[in-house]
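S.K.: Prediction below, plus the sequence it came from.
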Amino acid sequence: MPFAIMILFLLGWAGSAIEPAWGHGGEDHGAPQVRPTAIIASGLGTGAQGDLFEVVITPATGESAWIHLSDAMSNAPIAQATIDIEMSATPPWTGTGTPTPTPGVYLLNRSIASDTAVDLTITVASPQGADLILVALPSHPAPPPPTAASATGMVFDVGSALDRSWVGGGVIIAVIMAGGWLLRHRRKKNQVALMIGAMLAIVAGQARGHGGEDHGPPQAPQASMVAPGGAGGRIVSLPKSSQFLLDLRTLPAASREVNQTLRLVGRVIPDPAFHARIHPQVASRIGYDPSFPPPRSGQKVKQGQTLAVLDPILSIVEKTGQRLSLFKGAISDTSFGREMVLAPMDGQLTDVHIIPGDVVTEGDVLAELIDPAHLWVEAVLYDFSMAQRIQGGTASTRQLSGQYFPLVLTGISPKVNPENQGLHLQFSLSEHGGQLKPGMPVDVYAHTGTTTFAIAIPRQAVLDPGGVPMVWVKTAPEQFEGRPVRLGQKSAEWVEILEGVGVAEKVVIQGYNQLNAMR
């Protein structure tokens, strides 16, 4: 029995020295953690804003730094500026920004890295004005030297290894001695059972199921402002150099007086004063004359230019009478009434239907002639009570996104159209730069008065991912935030913001699609 006590003593000492054995690697089986907000950071600097300009200082390779200068309101790069910098270091120093070929980018030939925080006083003078900007640079402590552990990724504890070797040896000796004792006393069942139970009790105290994680019910998800399928509530950090490359532009949200509008469906039509339809006078066959080749659609013609040659189709009596007159010498022309179709005005041909050999009648249109510089817009009004309030309008089309064309009201038809049961309104296009074409569908925003939007931003700045309107707001020189917004009234170019954007906050009005695509 003393021999068995010695075995139990060895097992007890070994069991107390053995480290706990985990059932697995200690992974967390609890509720999933909330995914952090996506932040894209690369080459970020330190920036500040003045009254007119915004500046970002980014360390460059070597003893130099980049200076990015932009307009504080629009984020447009500022070129041809004079930049003077003074740093409150010990000792203090001054420097200047040297312009580079890239607009808005300047080079400071002086290192600004410091292990202590410093303040920069930047004076900017440009054709847009002068400004004084204060930039607080944080400290940049030197990184600690790498250790052997960090270089290899592991630490080898010699003392712990020796302890484990002694423990392993003790376990082996105890097992051998216990095996011999059990063989000699295998008939003493009570003592054998007691010995096995003692061994299990000693070792089981150091075995654990896992790392002690929480396996309870998952926590309730936190409320999120992220728009379904969109970028609402997401923050993106973008270096100033990338902003210049993407041509990002911003505009402060502000109160604006806008025109009250009524949206109508319309289309572009030719100006009736510069539009002609060409018909044959009588039923004829289109002839071919090498001197007057058939015209093509889009061809520009002059007034009096021959467009087609027509041979009238005469009855038998008419043909017999013309032959008799020719025989008597009364007619010297043997063409029997060939007709030359002439252009009635200067312009451009559209819808040309002149094919030699075709037979045409008086109701057929051979060609249409227009002046592309003179176009109208025709819209349909169904709310007759608004007819007298319309003063003008603006036209836009999805085919020319972001562009608006001013309209001048020329007339309102007093007759209800029997086809669509609406009043037809006609507007003249004062300027369109040749971008609008006849037949193009447009949205007409008829002006019916003026109103004031408390917070207004351009309509094109509002995105609609997953049916939730959102905008991108610039919250720092190199940081943008996607925000869901609640919209109010709309005009042709502006939309009222009821919630989501405050006054003077800078909304991205150009380059928002690139921000929305970042992950």
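M.R.: Alright, I've got the coordinates.

S.K.: buried ones in stretch 487-498?
M.R.: 490-497 (16 or more other CB atoms under 10 Å). Using the backbone N, CA and C atoms, a C-beta is placed for each residue, glycine as well.

S.K.: Give me the mean pLDDT for it.
M.R.: In this model, stretch 487-498 has an average pLDDT of 90.

S.K.: What is the end-to-end distance of it?
M.R.: Terminal residues of stretch 487-498 are spaced 6 Å apart (CA to CA, to the nearest Å).

S.K.: got it, and stretch 486-495?
M.R.: Stretch 486-495: ends 10 Å apart by CA to CA.

S.K.: Tell me if I'm right that residue 417 and residue 382 touch.
M.R.: No - contact status for residue 417 versus residue 382: not in contact, 10.5 Å apart, counting by CB atoms under 8 Å.

S.K.: what do the two both touch?
M.R.: residue 423 (CB atoms under 8 Å, 6 or more residues apart in numbering).

S.K.: what residue ranges in the stretch 251-400 of the chain score low on pLDDT?
M.R.: Within the stretch 251-400 of the chain, the ranges that satisfy pLDDT under 70 run 314-337.

S.K.: Residue 338 is in contact with residue 310, isn't it?
M.R.: Yes - here residue 338 reaches residue 310: they are 7.0 Å apart, a contact under CB under 8 Å.

S.K.: list residues touching both of those two?
M.R.: Common neighbours of residue 338 and residue 310 (criterion: CB under 8 Å, 6+ apart): residue 287.

S.K.: Please identify which of those two sits among more neighbours.
M.R.: Ranked by neighbour count (other CB atoms under 10 Å), residue 338 and residue 310 place residue 310 first, with 21 against 14.

S.K.: Can you name the helix or strand that that one falls in?
M.R.: Element membership for residue 310, per DSSP states H and E: strand 306-312.

S.K.: residue ranges of the strands in the stretch 51-200 of the chain, please?
M.R.: Taking DSSP state E, counting those that start in this stretch as the test, the strands found in the stretch 51-200 of the chain are 53-59, 65-71, 82-87, 93-99, 105-108, 118-126, 129-137.

S.K.: sorry, back to before: and the furthest pair within the buried residues of stretch 487-498?
M.R.: 492 and 497 (16.6 Å; CB to CB).

S.K.: returning to that earlier point: the strand holding residue 310 packs against which elements?
M.R.: strand 284-286, strand 339-342 (3 or more CB pairs under 8 Å, 6 or more residues apart in numbering; DSSP states H and E).

S.K.: Could you list the buried residues of it?
M.R.: 307-312.

S.K.: Present those residues as JSON lines; the columns should include distance to residue 52.
M.R.: Below are those laid out as JSON lines (distance: CB to CB, whole Å):
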{"residue": "307", "distance to residue 52": "61"}
{"residue": "308", "distance to residue 52": "65"}
{"residue": "309", "distance to residue 52": "69"}
{"residue": "310", "distance to residue 52": "70"}
{"residue": "311", "distance to residue 52": "75"}
{"residue": "312", "distance to residue 52": "76"}
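
S.K.: Out of these, flag the one nearest to residue 343.
M.R.: Among the buried residues of strand 306-312, residue 307 lies closest to residue 343 (CB to CB), at 5.8 Å.

S.K.: Find the nearest non-adjacent residue to the closest one, please.
M.R.: The shortest distance from residue 307 to any non-neighbouring residue, by CB to CB, 6 or more residues apart in numbering, is to residue 341 (4.8 Å).

S.K.: Tell me how this protein divides into domains.
M.R.: What automatic domain parsing lists as the domains of the chain is 1-19+159-207, 50-137, 249-269+374-517, 278-367.

S.K.: What's the local residue count around the residue nearest to residue 64 when sequence neighbours are not counted?
M.R.: Counting by CB to CB, 6+ apart, residue 64 lies nearest to residue 109, which is 5.4 Å off, once chain neighbours are set aside. By other CB under 10 Å, the residues close to residue 109 number 13.

S.K.: so residue 109 touches residue 63, yeah?
M.R.: Yes - the pair residue 109 / residue 63 is scored as a contact, 7.4 Å apart, by CB under 8 Å.

S.K.: Test my guess that residue 421 contacts residue 382.
M.R.: Yes - applying CB under 8 Å, one finds residue 421 in contact with residue 382, separated by 7.4 Å.

S.K.: between those two, who's got more neighbours?
M.R.: Between residue 421 and residue 382, residue 382 has the larger neighbour count (other CB under 10 Å), namely 12 against 9.

S.K.: From what I see, that one and residue 422 are in contact.
M.R.: Yes - here residue 382 reaches residue 422: they are 4.9 Å apart, a contact under CB under 8 Å.

S.K.: residue contacts, residue 376?
M.R.: Contacts of residue 376 (CB under 8 Å, 6+ apart): 268-272, 410, 426-429.

S.K.: could I get those residues as JSON lines with secondary structure and neighbour count?
M.R.: Converted to JSON lines, the contacts of residue 376 look like this (DSSP: H, G, I helix; E, B strand; the rest coil; neighbours: other CB atoms under 10 Å):
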{"residue": "268", "secondary structure": "strand", "neighbour count": "20"}
{"residue": "269", "secondary structure": "strand", "neighbour count": "16"}
{"residue": "270", "secondary structure": "strand", "neighbour count": "20"}
{"residue": "271", "secondary structure": "coil", "neighbour count": "17"}
{"residue": "272", "secondary structure": "helix", "neighbour count": "11"}
{"residue": "410", "secondary structure": "strand", "neighbour count": "13"}
{"residue": "426", "secondary structure": "strand", "neighbour count": "19"}
{"residue": "427", "secondary structure": "strand", "neighbour count": "27"}
{"residue": "428", "secondary structure": "strand", "neighbour count": "15"}
{"residue": "429", "secondary structure": "strand", "neighbour count": "20"}
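
S.K.: Of those, which is the nearest to residue 440?
M.R.: residue 268 (4.6 Å).

S.K.: Tell me which of the helices and strands packed on strand 306-312 is the most buried.
M.R.: Per residue and on average, the most neighbours among the helices and strands packed on strand 306-312 fall to strand 284-286, with a mean of 20 (mean count of other CB atoms under 10 Å).

S.K.: and the next element down the chain from that one?
M.R.: Counting by DSSP H and E, what follows strand 284-286 is strand 300-301.

S.K.: What about the residue lying closest to residue 69 once chain neighbours are set aside, how many residues nearby?
M.R.: Closest residue in space to residue 69, ignoring its immediate chain neighbours: residue 78 at 4.6 Å, by CB to CB, 6+ apart. Residue 78 has 24 neighbouring residues, counting by other CB under 10 Å.

S.K.: With residue 383 instead?
M.R.: Neighbours of residue 383 (other CB under 10 Å): 11.

S.K.: what's the nearest residue to it if we skip its chain neighbours?
M.R.: Computed as CB to CB, 6+ apart, the closest residue to residue 383 that is not its neighbour in sequence is residue 262, at 7.4 Å.

S.K.: and that neighbour, bridged to which residues?
M.R.: Counting by DSSP bridges, residue 262 forms beta bridges with residue 446.

S.K.: dump the residue contacts of the residue nearest to residue 307.
M.R.: Residue 341 is in contact with 278, 280, 306-310, 366, counting by CB under 8 Å, 6+ apart.

S.K.: just the helices in the stretch 301-450 of the chain please.
M.R.: Ranges of helices in the stretch 301-450 of the chain, per DSSP state H, counting those that start in this stretch, are 316-328.

S.K.: What separation is there between the nearest residue to residue 313 once chain neighbours are set aside and residue 363?
M.R.: The shortest distance from residue 313 to any non-neighbouring residue, by CB to CB, 6+ apart, is to residue 283 (4.8 Å). Distance of residue 283 to residue 363, computed by CB to CB, to the nearest Å: 10 Å.
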